[in-house]
Structure formats: structure tokens, C-alpha cells
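Trainee: Need a 3D model of the sequence below.
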Amino acid sequence: MDAEQHVETHRVTMRELTHNAHEVFEHVAAGERVEVTDEGVLVGTIIPPDLTEVTLRGLIRAGIMSPDWRAEQADALAFLRKRRTPAEPGQRPASEVLIEMREEETH
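Mentor: The predicted structure is shown next:
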């Protein structure tokens with residue numbers, strides 16, 4: 001969530017949380033933060049779930065994304081960052097050949 005967005009914050013005691021958990025989590029479900037105190041000392045914060053993470057977990061459950069997608073993404077980035085061997089003298093780089101092939105397909 002952007003730091004500039006205003007998020008409503010409620011403060012409850014441990015006792016209130018224990019006795020009114022449903023009401024407290026209704027605030028959280030509505031996108032609000034709830035700070036929990038014990039004898040006036042802040043001991044925890046309950047925040048709404050990250051919608052991006054919820055969406056990703058749903059895609060994984062549906063079999064649309066791999067559970068290892070983060071590792072796969074890291075592997076792909078590492079592969080892309082590796083140094084490529086330049087073309088031999090007198091040879092065209094593979095990227096140039098590929099661009100030419102794509103242009104031929106579109107014309």
C-alpha cells in the first residue's frame with residue numbers, strides 16, 4: 001500500500017480483542033489497521049491482507065501459476081543477466097538475426 005494513502009487505524013486492548021474478535025476483524029476486512037495494546041503498551045498490529053499476495057495465492061491454487069514462481073523468476077533474471085558470448089568476427093549477432101526474422105514474419 002502506498003505510504004501516502006490514509007489508512008484508518010483503530011486501537012483495542014487485548015481484552016477487547018478477546019471479547020470482540022469478530023468486530024475487530026470486521027474493521028480489518030474493511031481495510032483498516034487495528035493496533036492491539038496490553039496495559040497501554042502497543043503489542044501488535046493487525047493489518048488487512050496484501051491484495052496482490054491474495055491474488056497470487058489464488059492463481060497458484062487454481063493451477064495457473066507455479067508455487068515456485070518466485071524462484072523461477074529469480075532463475076530467469078539470473079539467466080538474462082549472464083554475459084553473452086559475442087558473435088565471432090564476421091558473424092552477425094543472434095539478436096540481429098532474430099529481429100530480422102521477426103520483421104520478415106510481419107511483412
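Trainee: tell me the domain ranges of the protein?
Mentor: 9-46, 51-106 (automatic domain parsing).
Trainee: out of those domains, deepest packed?
Mentor: Compared across the domains of the chain, domain 9-46 shows the largest average neighbour count, a mean of 13 (mean count of other C-beta atoms under 10 Å). From N, CA and C alone the C-beta is placed, and that goes for glycine too.
Trainee: Just read off the phi/psi values of T9.
Mentor: phi -120, psi 130 (degrees, to the nearest 10).
Trainee: now it: how far from G40?
Mentor: 16 Å (C-beta to C-beta, to the nearest Å).
Trainee: contacting residues for the closest residue to E8 other than its chain neighbours?
Mentor: Nearest-residue entry for E8: E32, 4.3 Å, with adjacent residues in sequence omitted and distances by C-beta to C-beta, 6 or more residues apart in numbering. Listed by C-beta atoms under 8 Å, 6 or more residues apart in numbering, the contact set of E32 reads V7, E8, T9, H10, P48.
Trainee: want to throw those into TSV with pLDDT, distance to N20 and secondary structure?
Mentor: Below are those laid out as TSV (pLDDT from 0 to 100; distance: C-beta to C-beta, whole Å; DSSP: H, G, I helix; E, B strand; the rest coil):
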residue	pLDDT	distance to N20	secondary structure
V7	70	20	coil
E8	83	17	coil
T9	89	17	strand
H10	91	11	strand
P48	94	18	coil
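Trainee: Out of the residues you listed, which is nearest to E103?
Mentor: E103 has its nearest neighbour among the contacts of E32 in P48, at 48.3 Å by C-beta to C-beta.
Trainee: who touches the closest one in this structure?
Mentor: V28, A29, G31, E32, R33.
Trainee: Now for those residues: which two are most distant?
Mentor: Maximum pairwise distance in the contacts of P48, criterion C-beta to C-beta, is 12.0 Å, between A29 and R33.
Trainee: secondary structure class for the most far-flung residue of the chain relative to its centre?
Mentor: Using C-alpha atoms, centre = their mean, the residue of the chain lying farthest from its centre is G90. It sits 45.4 Å away. Classification of G90 by DSSP: H, G, I helix; E, B strand; the rest coil places it in coil.
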